[in-house]
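Novice: what shape does this take:
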Amino acid sequence: MATATRVPATLTAALALSLALPATLPGAGLASGNKGARGAHARAHAATAPYMTGLGDEQAEMFNDPLWQQLHTRIARYIAPYDAVAHPDSLRKATAWITAAEEAHVKILVAFYHSQHTPTVLPSYALYKHYVQKFVKRFPNVRQYQSWDEANRGNVPGLFSSPSPKAAAQYYQALIRVCKGCTAVGLDVLDQEKIGRTLNYIKEFKSEIGHLQTVMPRIWGLHDYSDVNRRESWRTRQLSRTMGGQIWLTETGGIVKFGGAFPFSGGFGLTRAASVIKYTFGLAASQSSRIKRVYIYNWTGGSSSSRFDAGLTDNHHRPRAGYVVVCRHLNAHKCSLRVSHH
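Specialist: The predicted model follows:
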């Protein structure tokens, strides 16, 4: 999710959940432990895991949080406006995040998205290439990019616009031309409840890549919220087959709250989200020959007025049940925490 106003596509089906975690887990606080041993343990786990697990978030404070640090995850994803270098506020935020990630020795994946200043205006090929080239030069240590976040999202009048398959293919071509030697995740799509339009978008994108006579992506990005939050897998499987190649779940995870479709009442949203994250890890493991990365979105939870919330921590930086699932998945040193009910 790129901004505080961005939410996933409308999800209307109720969830049937069976793996809910208890709202409160034993223990309180983090044990200091032996950091060297903990780091070695995490590296050993990463070497044997079938896929890498990381976080997506736009708040640089995540990297200073002891809860994040004890996970020892080595990948993180940031969504940046394609014209971030042209606007001091966007550039300042991107610089703070990237600097903090580099200091934490995290491998960074940057996904470009619409402008924060003119979100309904899509750039031309030349303008996109101009700004992205400047961004790449400004951050030489970032070598993994996505040309456009959730390209198939569609247009929301007055809020933002999304590129056509033709424009998305042109943006991808521009990215690989200005960042030679970079890892470029090709098309990045949201699954949606009914995936027919998403499948057509992928096919049209591939056709445009052929017309441009550029290299077909070897890595594809997928946001499978609709699938996993219904505890289903057929969308992820079918979309993965259509894309081909290697799949990175560049956004996934459990929804704590999304409007009226996924309410938070009674703390149920927290246990629901934790259950979905656990299901997501199982799905990724079952498709590990194709799915190579999983980026849980996101770290920082919303407030009571937020329409969308999928945070592993609440807005006071306290761990939620979903955090415990991720912590245990990564075999962190201490995961029995007293979790937040908010």
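
Novice: and the strands in the stretch 201-342 of the chain, which stretches?
Specialist: Listed in chain order, the strands found in the stretch 201-342 of the chain under DSSP state E, counting those that start in this stretch are 219-223, 246-252, 257-258, 291-297, 308-309.

Novice: dump those strands to CSV, plus distance to residue 124.
Specialist: Yep, even glycine has a C-beta here, placed from its N, CA and C like the rest. As requested, those are arranged in CSV below (distance: least, CB to CB, whole Å):
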stretch, distance to residue 124
strand 219-223, 23
strand 246-252, 25
strand 257-258, 34
strand 291-297, 29
strand 308-309, 31
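
Novice: of all those strands, which one comes closest to residue 153?
Specialist: Of all the strands of the stretch 201-342 of the chain, the one in closest proximity to residue 153, counting by CB to CB, is strand 219-223 (9.4 Å).

Novice: other SSEs contacting the closest one?
Specialist: Taking 3 or more CB pairs under 8 Å, 6 or more residues apart in numbering; DSSP states H and E as contact, the helices and strands that strand 219-223 lies on are strand 183-185, strand 188-190, helix 234-243, strand 246-252.

Novice: could I get the ones you listed in JSON lines, plus columns for distance to residue 285 and mean neighbour count?
Specialist: Formatted as JSON lines, these follow (distance: least, CB to CB, whole Å; neighbours: other CB atoms under 10 Å):
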{"stretch": "strand 183-185", "distance to residue 285": "21", "mean neighbour count": "20"}
{"stretch": "strand 188-190", "distance to residue 285": "22", "mean neighbour count": "26"}
{"stretch": "helix 234-243", "distance to residue 285": "12", "mean neighbour count": "18"}
{"stretch": "strand 246-252", "distance to residue 285": "12", "mean neighbour count": "25"}
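
Novice: now for the ones you listed, which one comes closest to residue 281?
Specialist: Comparison of these against residue 281 by CB to CB identifies strand 246-252 as nearest, at 9.6 Å.

Novice: angle of the closest one against strand 219-223?
Specialist: Using axes from the mean of the first three to the mean of the last three CA atoms, to 10 degrees, the direction of strand 246-252 lies 30 degrees away from that of strand 219-223.

Novice: between strand 246-252 and strand 291-297, how many degrees?
Specialist: Calculated by the same axes, to 10 degrees, strand 246-252 forms an angle of 10 degrees with strand 291-297.

Novice: adjacent strands (with direction) for strand 246-252?
Specialist: Using DSSP bridges, strand 246-252 pairs in its sheet with strand 219-223 (parallel), strand 291-297 (parallel).

Novice: least reliable of the strands of the stretch 201-342 of the chain going by mean pLDDT?
Specialist: Comparing these by mean pLDDT, the weakest confidence falls on strand 257-258, with a mean of 84.

Novice: helices or strands up against that one?
Specialist: Helices and strands touching strand 257-258, by 3+ CB pairs under 8 Å, 6+ apart, are strand 308-309.

Novice: and the strand it packs on, what other elements does it pack with?
Specialist: strand 257-258.

Novice: and the strand it packs on, how far out from the chain middle?
Specialist: Mean-position distance between strand 257-258 and its chain equals 17 Å (CA atoms, centre = their mean, to the nearest Å).

Novice: one more: stretch 108-126?
Specialist: Averaged over its C-alpha atoms, stretch 108-126 has a centre that lies 17 Å from its chain's centre (CA atoms, centre = their mean).

Novice: I'd like the helices and strands packed on strand 219-223 as JSON lines, with distance to residue 131 appended.
Specialist: Formatted as JSON lines, the entries for the helices and strands packed on strand 219-223 read as follows, by distance: least, CB to CB, whole Å:
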{"stretch": "strand 183-185", "distance to residue 131": "16"}
{"stretch": "strand 188-190", "distance to residue 131": "18"}
{"stretch": "helix 234-243", "distance to residue 131": "27"}
{"stretch": "strand 246-252", "distance to residue 131": "21"}
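
Novice: wait, what's in contact with the spatially most central residue of the chain?
Specialist: With the centre of the chain defined as its mean C-alpha position, the nearest residue by CA atoms, centre = their mean is residue 251, 2.9 Å away. Applying CB atoms under 8 Å, 6 or more residues apart in numbering, one finds that residue 251 lies in contact with 1, 56, 77, 150, 223, 225, 295, 297.
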